[in-house]
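>>> One predicted model, sequence on top.
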Amino acid sequence: MRFFHKGNRKGIFFTLIAVSLLGIILFSYTVTYSYSLQEKSTIIETRVDTMNRFLHSVDADMENAIYISGYRAIVGLTDFVTLNGTYVSNTTDALVELFINGTVEGYNSSLMMNNTFPHWIDKIGEKGAEIGVNLTVNITSVSVYQTSPWSVRFVVESSINLTDQTSTAEWYKEKSLYSDVSILGFEDPWYALHTNGMIIKRINQTVYDGNFTVGNDTSNLHDHVAKTYYIAFNASPDFLMRFENNHNASIYGIESMVNKTEILNYCSLTASSVDTLCWRRSSAATWSVNDMNDTNFKIDNETNDAGIGRIERYGVEDVIY
């Protein structure tokens with residue numbers, strides 16, 4: 001039988017204690033490290049979720065900003081042409097300049113103060129900074145065009161870079177966002193510019209479309225003219241074309257009928273009452289309409305791209321002479 005020396009037993013005892021202490025330390029470190037990783041993961045997940053939600057809100061905020069700046073740009077352009085009594089050479093370019101810089105042909109527009117698109121982007125960026133997010137928006141291009149007779153679309157192409165201030169996460173996206181602005185209620189620049197600012201008319205869509213006459217009764221047409229309502233008719237220019245005095249036909253054309261008694265000497269009594277023909281004093285053949293003499297009403301029969309003439313468009317075939 002073999003016996004352990006007393007010294008050997010002490011060595012084994014201390015070895016066991018050392019191993020146990022090392023195990024406790026390793027276990028403690030593992031638990032602490034695991035908890036630290038879990039805590040860090042939770043923090044990252046929270047930051048990423050916050051940034052993701054902010055990124056979604058940026059889209060909506062930018063679309064709102066496009067609408068506000070686009071709306072104000074149209075008001076600013078109207079103000080510029082009517083106050084200066086002059087047209088612009090290119091409506092789209094003028095609106096983009098107002099939208100981005102707050103100027104038109106180099107002149108500052110007070111109506112665009114704190115309403116340009118870059119101004120609103122800065123405001124969105126300030127919201128991000130409050131939650132520790134850096135937002136950078138680089139505008140690639142801005143375009144403006146009509147999408148219907150009654151609306152104008154502002155489109156912004158941009159790149160968006162979103163970073164967390166603690167360098168937790170980063171997003172980069174290219175965006176194409178737009179907003180449609182209704183032209184209803186906006187001033188028609190033609191009336192002010194053709195009457196030296198004496199007559200102001202706002203664009204309001206007629207309530208009588210397809211119902212201008214009832215049998216031989218022309219009361220609805222009379223009211224349409226008296227209230228300077230507008231219809232969509234693609235033999236006429238669209239809203240944007242009016243700022244550059246372009247009288248060509250547009251697929252999104254609109255027109256009103258002028259009351260020649262109201263505008264006095266600004267339109268020939270023999271010319272058509274259609275605004276575009278009246279302002280350019282067209283010599284196109286015209287017809288009178290029953291019970292419309294008090295407005296010196298005349299209508300021509302210019303046709304659109306589908307071959308539909310104005311007489312048919314207004315349904316006055318049975319009441320002209």
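Sure thing, it's come through. Residues are numbered from 1 along each chain as shown.
>>> Which stretches in the stretch 101-250 of the chain count as strands?
Ranges of strands in the stretch 101-250 of the chain, per DSSP state E, counting those that start in this stretch, are 103-104, 107-108, 133-148, 151-164, 170-182, 230-232.
>>> ranges for the helices of this protein?
Remark: helices assigned in the chain by DSSP state H are 6-84, 91-101, 117-130, 189-194, 219-226, 260-263, 275-279, 310-313.
>>> hey, least reliable of those by pLDDT?
Lowest mean pLDDT within those: helix 6-84, a mean of 71.
>>> Would you mind splitting this structure into its domains for me?
The record assigns the chain these domain ranges, following automatic domain parsing: 55-182, 189-313.
>>> Arrange the ones you listed in a markdown table, one row each, with mean neighbour count and distance to D49 as further columns.
For glycine as for every other residue, the C-beta is placed from the backbone atoms N, C-alpha and C. Below are the domains of the chain laid out as a markdown table (neighbours: other CB atoms under 10 Å; distance: least, CB to CB, whole Å):
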| stretch | mean neighbour count | distance to D49 |
| --- | --- | --- |
| domain 55-182 | 17 | 10 |
| domain 189-313 | 18 | 43 |
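>>> Now tabulate those domains in TSV and tack on distance to V319.
TSV is the format used below for those (distance: least, CB to CB, whole Å):
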stretch	distance to V319
domain 55-182	26
domain 189-313	4
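>>> wait, which of the ones you listed is closest to I320?
With CB to CB, the closest approach to I320 among the domains of the chain belongs to domain 189-313: 4.1 Å.
>>> Quick one, grab the pLDDT at T136.
The model reports T136 with a pLDDT of 92.
>>> Kindly report the same for K173.
Among the per-residue scores, K173 holds a pLDDT of 89.
>>> again, but for F3
pLDDT at F3 comes out at 45.
>>> Let me have the strands of the stretch 101-250 of the chain in JSON lines, adding distance to I199 as columns.
What follows is the strands of the stretch 101-250 of the chain, written out as JSON lines (distance: least, CB to CB, whole Å):
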{"stretch": "strand 103-104", "distance to I199": "23"}
{"stretch": "strand 107-108", "distance to I199": "25"}
{"stretch": "strand 133-148", "distance to I199": "24"}
{"stretch": "strand 151-164", "distance to I199": "23"}
{"stretch": "strand 170-182", "distance to I199": "23"}
{"stretch": "strand 230-232", "distance to I199": "15"}
